[in-house]
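Asker: starting from these lines, generate the structure:
(2 chains)
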Amino acid sequence: MELICPAGTPAAFREAVDAGADAVYCGFRDETNARNFPGLNFSREELAEAITYAKKRGVQTFVALNTFMRAGNEDIWYRGAADAVKAGADALILADFGLMAHVAEHHPQQRIHVSVQASASNADAVNFLVDAFGAKRVVLPRTLTISDIARLARQIRCEIEIFVFGGLCVMAEGRCSLSSYATGKSPNMNGVCSPASHVRYRQDGQELVSELGDYTINRFPEGEAAGYPTLCKGRFEIADDKSYAFEDPVSLDVMDQIDALREAGVSALKIEGRQRGKAYVAEVVSTLHRALAASAEERGRLLSRLRLLSEGQRTTVGAYEKRWR
Amino acid sequence: MAKTAKATLALGPVLYLWQGEKWRDFYFRIADEAPVSHVYLGETVCSKRFHFTEPHLAEVIERLENAGKQVILSTLSLVTLERESRHLRGLIADSPYPVEANDLSALGMLHGTPHVVGPMVNVYNAATARLLASRGASAICLPPELPVTSVERIVGETPDVDFEVFAFGRLPLAISARCAHARAKGNIKDNCQFVCGDDPDGLPVRTLDRQSFLALNGVQTVSHTCQSLLGELQDLAAAGISRFRLSPQDCDMVAVAHIHDDVLAGRREAEDGLAHLGQIYPDVPFSNGFHHGQEGAAWIARARNTAHGVNA
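Answerer: Numbering: from 1, shown residues only, chains lettered A, B, ... in the order given. Model prediction:
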């Protein structure tokens, strides 16, 4: 199985390549990709240099153009696709049908990967994208169990890539407007979720309050570590019960299931985290790279060390395990 | 020509779990009394709920058709299980009525057959709308998140497709493999006991500062606010919108339809209509922020009248 690694900066890109990535994914410094954060992503020149660096070492580059084109400004996305093709991208990761059709027509040789944001959650959906646009790989939404994936793998005519480590979307990706409901900015339209521009922390007596837009997302008593107010990981009140209504502040880790995923027919394992620093990327990529080749016993040791990196942060296997539902 | 016809009202599918008889009686009354041209039927949120309404589907369709309503069958918006795919395939193969596709698999199966594209499919630009039209889409209900600038652009650049917008109702904001509704009541999805049936208008989610925020509807999360485009109906109709979707809430939807019909026909001022709407569906603030390119929860009052500019 290939290891697909995130890079939010040219430095993180080189670290990922050197640490053993089979492919690195990244995006341009604008709204065309779903990690449109300040200070992140690549200029045209940086992308070309990164691709050259990767190619020399036998590593592929996937360019994410996985937001939905704003009506009237489609050219921004079309130019992004043309420039990524010209720079030598091995695949474009796309979510918008209009953009997929454009790439299939104007860059017929270019490999199309279906972004998780496209929400292809079953065999008929995937085969629709294969038939309509010639998609070669699908990144599956984090809504399926491993046995669902195994069944899917037998029914579809393209490769499967899944998220195995890092941030976890609780909601079906590409179909969530929670962020824009509170802030006006969404993953689909702006490439951001719960954007920092709308985050505020304030002290209220003994508690630290985190807010997104006009809404309180969490309150942390003294001594409790305060997390970032990602909307679906907030603490809310339902009836009289205060709890994490959608999901605890956990991150995804299914590396324990590598053998089951391989058997299920998964081609590529994806690490989330283009917003992460180069040290994190280097550590995660090198460890997971070694874990993939290691014996089951050795793998356990490697992974437990990696978990220290997310100090105190709990992990979940998410929807890959049925009970999570 | 689609664009010159007079705009009409459509009733979206009931998003919540209503007991079978309540669901049936709701549609009987819609058939008899509501000024809507199109009625969408079907469970779009959770396949575990199919059996509540299926026994009543035939008589509801008959009543609606006899009343001259165009019936459209809506598909599930998140399809992950084999039995869900089978159900969808059967529905599309057997349906004598147009089908509204709410996920990519339905779009694939409907290729070449005239169909409707539902608001859960991501149509953010005319390139996508035209592509779907070339595959057989004759009508598209645009995603609620779209700002009016995009709506106008898409409608203007996509001839021969009827466009619908989400004009009334709590906004469907997200859907998950996990059931937050069941979990809130101590169950999990696989053993949910259909607890979402206890909340026919959604289960309120408040912030820790007791701000009303969202509502749970099984695996779906909807807004606390009720989107209302009552003040924008006429402008949108002038821009070429063919239909306005009224999404059923647990209130007098016949009266809701009459208010929209009156405002659309120019028999009633939007401000007056909104005040009445607030009586029919009380305690839930209106929002129209998405339409204006702002946060979806916001209420943007029309410049000449700020009387309704209240929002939580």
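Asker: tell me the secondary structure of the spatially closest residue to A:Asp256 that is not a sequence neighbour, please.
Answerer: Counting by Cβ to Cβ, 6 or more residues apart in numbering or on different chains, A:Asp256 lies nearest to A:Leu303, which is 6.9 Å off, once chain neighbours are set aside. Glycine gets a C-beta too; all of them are placed from N, C-alpha and C. Look at A:Leu303: counting by DSSP: H, G, I helix; E, B strand; the rest coil, its state is helix.
Asker: what mean pLDDT does the host helix or strand of A:Cys5 have?
Answerer: Using DSSP states H and E, A:Cys5 sits within strand A:2-6. Mean pLDDT, strand A:2-6: 97.
Asker: ok, that strand: who's next to it in the sheet?
Answerer: strand A:23-26 (parallel), strand A:268-271 (parallel) (DSSP bridges).
Asker: select the longest helix from the chain.
Answerer: No chain specified, so I'll use chain A. helix A:278-293 (DSSP state H).
Asker: that answer is for a different chain, and I need it for chain B
Answerer: helix B:50-66.
Asker: which residues are contacting that helix?
Answerer: Contacts to helix B:50-66, defined as Cβ atoms under 8 Å, 6 or more residues apart in numbering or on different chains, come from residues B:17-21, B:23-24, B:27-28, B:30-32, B:39, B:41, B:43, B:71, B:87, B:97, B:194, B:197.
Asker: what's the neighbour count on the residue lying closest to B:Cys196 once chain neighbours are set aside?
Answerer: The shortest distance from B:Cys196 to any non-neighbouring residue, by Cβ to Cβ, 6+ apart, is to B:Gly218 (4.2 Å). By other Cβ atoms under 10 Å in any protein chain shown, the residues close to B:Gly218 number 28.
Asker: so which of the strands paired with strand A:2-6 is the most packed in?
Answerer: Most buried of the strands paired with strand A:2-6 by mean neighbour count (mean count of other Cβ atoms under 10 Å in any protein chain shown) is strand A:23-26; its value is a mean of 28.
Asker: give the contact list for B:Ser74.
Answerer: B:12-13, B:40-44, B:99-100, B:102, B:118 are the contacts of B:Ser74 under Cβ under 8 Å, 6+ apart.
Asker: okay if I get the residues you listed as a markdown table plus secondary structure, distance to B:Glu232 and neighbour count?
Answerer: Converted to a markdown table, these look like this (DSSP: H, G, I helix; E, B strand; the rest coil; distance: Cβ to Cβ, whole Å; neighbours: other Cβ atoms under 10 Å in any protein chain shown):
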| residue | secondary structure | distance to B:Glu232 | neighbour count |
| --- | --- | --- | --- |
| B:Gly12 | coil | 17 | 27 |
| B:Pro13 | coil | 23 | 24 |
| B:Tyr40 | strand | 21 | 26 |
| B:Leu41 | strand | 27 | 24 |
| B:Gly42 | coil | 27 | 22 |
| B:Glu43 | coil | 29 | 24 |
| B:Thr44 | coil | 25 | 25 |
| B:Val99 | strand | 28 | 23 |
| B:Glu100 | strand | 23 | 29 |
| B:Asn102 | coil | 24 | 29 |
| B:Gly118 | coil | 21 | 29 |
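Asker: Three-state assignment for A:Asp256, please.
Answerer: A:Asp256 ends up helix, using three-state DSSP.
Asker: now do the same contact list for it.
Answerer: A:300, A:303, A:317.
Asker: tell me which of those is nearest to A:Arg151?
Answerer: Distance to A:Arg151 across the contacts of A:Asp256 (Cβ to Cβ) is lowest for A:Val317, with 18.1 Å.
Asker: that older thread, ok, now how distant is the residue nearest to A:Asp256 from A:Ala268?
Answerer: From A:Leu303 across to A:Ala268, the span is 19 Å (Cβ to Cβ, to the nearest Å).
Asker: ditto for B:Leu41
Answerer: Counting by Cβ to Cβ - B:Leu41 and A:Ala268 are separated by 41 Å.
Asker: so where's chain B shaky on pLDDT?
Answerer: Low-confidence segments of chain B (pLDDT under 70): B:1-5, B:303-312.
Asker: which strand is the longest one in it?
Answerer: For chain B, the longest strand by residue count, based on DSSP state E, is strand B:162-175.
Asker: in this structure A:Arg137 contacts A:Glu159, no?
Answerer: Yes - taking contacts as Cβ atoms under 8 Å, A:Arg137 lies within contact range of A:Glu159: 4.1 Å.
Asker: mind listing the shared neighbours of the two?
Answerer: Shared contacts of A:Arg137 and A:Glu159, defined by Cβ under 8 Å, 6+ apart, are found at A:267-268.
Asker: quick one: which of the two has more around it?
Answerer: Taking neighbours as other Cβ under 10 Å, A:Arg137 and A:Glu159 compare with A:Arg137 leading, 21 against 17.
Asker: what residues are up against residue 210?
Answerer: In the absence of a named chain, this looks at chain A. Counting by Cβ under 8 Å, 6+ apart, A:Ser210 touches A:199-201, A:216-220, A:226-229, A:234.
Asker: the intended chain is chain B.
Answerer: Taking Cβ under 8 Å, 6+ apart as the test, what B:Arg210 contacts is A:Glu237.
Asker: got phi/psi on it?
Answerer: phi 60, psi 30 (degrees, to the nearest 10).
Asker: B:Ala238 now?
Answerer: Main-chain torsions, B:Ala238, degrees, to the nearest 10: phi -70, psi -30.
Asker: how close does it get to chain A?
Answerer: Going from B:Ala238 to chain A by Cβ to the nearest Cβ, to the nearest Å gives 18 Å.
Asker: quick one: is the helix or strand encompassing A:Ile217 near chain B?
Answerer: According to DSSP H and E, A:Ile217 maps onto strand A:215-220. Yes - Strand A:215-220 is in contact with chain B by Cβ under 8 Å from any Cβ of the partner chain, via A:215-219.
Asker: next secondary structure element downstream of that strand?
Answerer: Following strand A:215-220 in sequence order, the next helix or strand is strand A:235-238 (DSSP H and E).
Asker: what's the following helix or strand after that next one?
Answerer: The helix or strand immediately downstream of strand A:235-238 is strand A:241-244, counting by DSSP H and E.
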